[in-house]
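>>> Below is the sequence, then the predicted model.
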Amino acid sequence: MPTLALTIVAAAAMSLHRAAPVRMPISSVHSRVPRIAVQPVRTCLRSRVLLAEDPPAAEVTAGPAGDEAAGVLAETTTRSLVKALSWRLTAAVVTLCTSLFFSGSMIAAMGVVGADFLTKSVTMFIGERLWNKSNVGRSAKGDSVGRSLLKAFVWRVFAAVNTLISAGIITGGLEAAYKIAGSDAIIKTALFFGFERIWAVIPWGRYVEEAPARA
């Protein structure tokens, strides 16, 4: 009987020993994990951290080069025609006053105004079309102050010579012609500059023309 009891106790002890979990050190577990499987995980985690820490890309702001690439504001033929006629009406009032003042004759003054209107209306229209082909001082935002000032001086040189010739022929004297052309040059240069700045803010008759491609 005692022998049977000892046999049962020994069998139970052996079964408990087999069912108990096997505990292994942590270092031993890590050593058994293949390094080839751990390395890609570390690389992936590291790349995600670098991407998260990267600063945002700087925004590209449009400068003068961007404006030029976008094109320039060009003028239609109708706009050039209206500008030429409206300026001639404005300038005619000034020429009438100066011609009458220096010549003392309404007939002579009307003659100078008529000659100016016929010749300069055509020449200014042609000038406007030529300026439309030039991009000096012109961008997608419109004409610059420098462009308007340059147009005022260039036009005044031609207009002063034109007025001097017509006034000299009609009045019959160079003295009165010089005074008429000289006073016109002073008054109309400033007046034409203001005229150009007013038209620079009028959008009618304008369109965006693509800038020529650079080689």
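Alright, I've got the coordinates.
>>> Confirm residue 102 sits in a helix?
Yes: under DSSP: H, G, I helix; E, B strand; the rest coil, residue 102 sits within a helix.
>>> That one: neighbour count?
For residue 102, the neighbour count with other C-beta atoms under 10 Å is 23. For the C-beta atoms, the positions are set from N, CA and C on the backbone; glycine is no exception.
>>> Do I have it right that residue 100 meets residue 109?
Yes: Residue 100 lies in contact with residue 109 (C-beta atoms under 8 Å); the separation is 4.0 Å.
>>> Neighbour count: these two, which is higher?
residue 109 (23 against 18).
>>> what pLDDT does the more buried one get?
pLDDT for residue 109: 95.
>>> Give the full set of residues in contact with it.
95, 96, 99, 100, 103 (C-beta atoms under 8 Å, 6 or more residues apart in numbering).
>>> residue contacts, residue 184?
91, 94, 95, 98, 159, 160, 163.
>>> pretty sure the last one contacts residue 119?
Read it as residue 163. No: contact criterion C-beta under 8 Å: residue 163 and residue 119 do not qualify, at 9.5 Å.
>>> For the chain, which residues score under the pLDDT cut-off?
1-70, 211-215 (pLDDT under 70).
>>> Measure how buried residue 132 is and give me the count.
Neighbours around residue 132, by other C-beta under 10 Å: 18.
>>> since we're on the closest residue to residue 158 other than its chain neighbours, how many residues are nearby?
Of all residues not flanking residue 158 in the chain, residue 123 sits nearest, at 7.0 Å (C-beta to C-beta, 6 or more residues apart in numbering). Counted with other C-beta under 10 Å, the neighbours of residue 123 add up to 15.
>>> So residue 123 is in contact with residue 161, correct?
No: the pair residue 123 / residue 161 is not scored as a contact, 11.0 Å apart, by C-beta under 8 Å.
>>> circling back to that earlier point, adding distance to residue 170 as columns, could you present the contacts of residue 109 in JSON lines?
Below are the contacts of residue 109 laid out as JSON lines (distance: C-beta to C-beta, whole Å):
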{"residue": "95", "distance to residue 170": "11"}
{"residue": "96", "distance to residue 170": "13"}
{"residue": "99", "distance to residue 170": "8"}
{"residue": "100", "distance to residue 170": "12"}
{"residue": "103", "distance to residue 170": "8"}
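>>> so which of those comes closest to residue 139?
Set against residue 139, the nearest of these by C-beta to C-beta is residue 95 (33.8 Å).
>>> Do a quick rundown of the helices in the protein.
For the chain, applying DSSP state H gives helices covering 2-19, 26-32, 35-53, 64-70, 77-103, 106-132, 145-171, 174-200.
>>> Any buried residues in the last one, and which?
For helix 174-200, the buried set under the neighbour-count rule, 16 or more other C-beta atoms under 10 Å, comprises 176-177, 179-181, 183-185, 188-189, 191-193, 195-196, 199-200.
>>> just stretch 148-156 next, same as before
Using 16+ other C-beta under 10 Å as the test for burial, stretch 148-156 gives 148, 149, 150, 151, 152, 155, 156.
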